[in-house]
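Colleague: next input, structure requested:
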Amino acid sequence: MEVDKDIYILAIESSCDETSVAVVKNGKEVLSNIVASQINSHKRFGGVVPEVASRHHVEQIIDCMQLALSEADISVEELTAVAVTQGPGLVGSLLIGVSAAKTFAWANHLPLIPVNHMAGHIYAAQIVSEMTFPLMALLVSGGHTELVYMKNHGEYEIIGETRDDAAGEAYDKVGRVMGLTYPSGKEIDELAHQGSDIYGFPRAMMKEDHYDFSFSGLKSSFINLYHNAKQREEELSIVDLSASFQQSVIDVLVSKTVKACQEYQVKQLILAGGVAANKGLKKEMEDVLAKTLPSVELIVPPLNLCGDNAAMIGAAGYTEYMKNNFGQWSLNAKPSMTL
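Modeller: All right, here's what the predicted structure looks like:
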């Protein structure tokens, strides 16, 4: 689609436990990005409770929409379209975002754009840098670990994914065993920088001739070591445990990703998703790429765009808008949606 005017998209994200609404101009300029976090509500449960998440979305989504428009200093009449996360995610949470988007779009005669949540994570990179094709994207979050090859905008080929636990999920489960606060990723990352990899946890599937991942064995190995030490009343170092666990995750992610970049001869690597905020992962990816593939540009969105947020949905929604990929009023949530 050729356009001769600015495109303003109101974007809504509610796939899990963040209620977020943003206004994005031309797929790159974030005019507002409101995120209402529910972390404090889920901390005591040690993870996201779907029913609790859904209730919070109901309570917060209208306020977030009003705040997003106000902060962007834009009127409803100036909007071009409404983008919304259709999936994947928690079905109750997704339904609230989809219902709000459909209602707002219908009432204001605006086209509706369904967006894949994982595409949103990839397109968070477009907010900070031009995407150069072909590219590889490593998506690492609490629910997903995927390697995605892209030849062009909106074209996704999953070449590898986790066969069990996602990387972020393993972080949270290991953190729970150590008695850390949920979510545990940031704390484990900080502790890891104070310790050493002395426990030698397994690096699953690192040398296999495919790009799939597996973290359940690492998680089990960690839990067994921890519980056995407790039974023997043996003192364990939390910083060394964190460093050993994190190094195992990083080694697998980095080695497989760099190998994929070599095979597919990409020009750019996007590191996206909540775990992309991990300082250890980011530094090792930078160092290994600089040594082995200096011509490949690494793009890592800033911290506020790594987690779930609506700005990334607006960025991905712009690409769908340009491709004329619009939703019908019968649009429904797809909790198991794939790229």
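Colleague: residues contacting the most centrally placed residue in the chain?
Modeller: The structure's the chain has its C-alpha centroid closest to residue 273; by C-alpha atoms, centre = their mean the separation is 2.5 Å. Under the criterion of C-beta atoms under 8 Å, 6 or more residues apart in numbering, the neighbours of residue 273 are 121, 139, 140, 141, 144, 168, 306. Every residue, glycine included, has its C-beta placed from N, CA and C.
Colleague: hmm, try it at 10 Å
Modeller: Going by C-beta atoms under 10 Å, 6 or more residues apart in numbering, residue 273 touches 118, 121-122, 124, 137-146, 166-168, 301, 306-308.
Colleague: ok, now residue 161?
Modeller: When contacts are counted by C-beta under 10 Å, 6+ apart, residue 161 touches 139, 144, 145, 146, 147, 148, 211, 212, 213, 338, 339.
Colleague: which of those residues count as buried?
Modeller: 139, 144, 145, 146, 147, 148, 211, 212, 213, 339 (16 or more other C-beta atoms under 10 Å).
Colleague: which phi and psi does the nearest residue to the second one once chain neighbours are set aside have?
Modeller: In this structure, residue 144 finds its nearest non-sequential neighbour in residue 166, 5.3 Å apart by C-beta to C-beta, 6 or more residues apart in numbering. The phi/psi pair for residue 166 (degrees, to the nearest 10) reads phi -80, psi 160.
Colleague: I'd guess residue 256 is in a helix, am I close?
Modeller: Yes - the assignment for residue 256 is a helix, going by DSSP: H, G, I helix; E, B strand; the rest coil.
Colleague: where does the closest residue to it other than its chain neighbours land in three-state SS?
Modeller: If you skip the residues right next to it in sequence, residue 256 has residue 211 as its closest partner in space, 5.5 Å away by C-beta to C-beta, 6+ apart. Under the three-state scheme (three-state DSSP), the conformation of residue 211 reads as coil.
Colleague: residues touching residue 211, list them.
Modeller: Neighbour list for residue 211: 136, 146-147, 149, 158-161, 205, 256-257, 259-260, 263-264 [criterion: C-beta under 10 Å, 6+ apart].
Colleague: among those, which lie within strands?
Modeller: Cross-referencing these against strands under DSSP state E gives 136, 146, 147, 149, 158, 159, 160, 161.
Colleague: I figured the residue nearest to residue 144 hits residue 118, correct?
Modeller: No - with contact defined as C-beta atoms under 10 Å, residue 166 does not reach residue 118; the gap is 11.6 Å.
Colleague: out of the two, which sits in the busier spot?
Modeller: The neighbour comparison of residue 166 against residue 118 (other C-beta atoms under 10 Å) goes to residue 118, with 27 against 23.
Colleague: that one belongs to a helix, doesn't it?
Modeller: Yes - inclusion of residue 118 in a helix is indicated when three-state DSSP is applied.
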